[in-house]
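> Here is my input, please return the structure:
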Amino acid sequence: MKSDIYTQEGKKKGSVELPTSVFEAAWKSSLVHQVVVGMQANARTPIAHTKIRSEVKGGGKKPWKQKGTGRARHGSSRSPIWRGGGVTFGPRNDKVFAKKINRKERAQALYSVLSRKVKEGQVLFVDSLTFEAPKASHAHTVIANLAGVSGFETLASKKHNTALIVLAEKNTNTQKSFSNFGNIKVGLTENLNTVDALKYKHLIIVSPEESIKELEARAQVSRVKATT
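Take a look at the predicted model:
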């Protein structure tokens, strides 16, 4: 399968051959859901924290004697049933939410999402993005040019999660030029993952030949791991 390559001016420049293993994978909703939940759990940082009865202050002395007062017996005011006492079954910041995600599952989930996006016409291949210096106005012009490509008109109008720009290698000028765009994120191919691919409507893959080689390498690693 081939796909067109465009310049940053929005003009067609050529085409690129898309590997079947990466861009023609079957849609696996259960696997994608499993990987997304796992990645979100691994990125979770517990903040809410309550103290149990052994951590709250005070309550070292028995509130009153065991018998003869007519009141219920109590051993400590740190008991969860007392105001100011410990909390039972409250949130703890030492809880671990991490989930294991196999390398093969992670790669196959990403390929499944990429394949679906290509099928739905949501992946745009751009030969390069050149910025002599970080400049938001230049970045805005580039997005306006790419919005002229058929099927990508919403690049210039969608306000949230519009596009993920995927670079083959780090480019400081490009990254800084888009840093003030709230609806566009710039990342590297080596860091492309299922969560980001699903979050943004469009994927703009820069330097497609190099990026595709990087994506294919993940598939090869997965196959090697599966056979060993």
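> all strands of this protein, in order?
Applying DSSP state E to the chain gives strands spanning 2-6, 12-17, 123-126, 163-167, 184-188, 202-206.
> Return the list of strands paired to the longest one, each annotated with direction.
Okay, so that is strand 12-17. Strand pairing for strand 12-17, determined by DSSP bridges: strand 2-6 (antiparallel).
> re the thing from before, figure out which of the strands of the chain is closest to Ala72.
strand 184-188 (58.6 Å; CB to CB). To be clear about C-beta, it is placed using only N, CA and C from the backbone, and glycine gets the same treatment.
> tell me the mean pLDDT over the closest one?
Mean per-residue pLDDT for strand 184-188: 96.
> cool, and stretch 38-52?
94.
> I'd like the strands of the chain as TSV, with mean neighbour count and distance to Thr88 appended.
Listed next are the strands of the chain as TSV, based on neighbours: other CB atoms under 10 Å; distance: least, CB to CB, whole Å:
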stretch	mean neighbour count	distance to Thr88
strand 2-6	15	58
strand 12-17	13	59
strand 123-126	23	51
strand 163-167	24	44
strand 184-188	18	42
strand 202-206	22	47
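> can you list these in JSON lines and add distance to Arg106?
As requested, the strands of the chain are arranged in JSON lines below (distance: least, CB to CB, whole Å):
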{"stretch": "strand 2-6", "distance to Arg106": "24"}
{"stretch": "strand 12-17", "distance to Arg106": "24"}
{"stretch": "strand 123-126", "distance to Arg106": "19"}
{"stretch": "strand 163-167", "distance to Arg106": "17"}
{"stretch": "strand 184-188", "distance to Arg106": "16"}
{"stretch": "strand 202-206", "distance to Arg106": "17"}
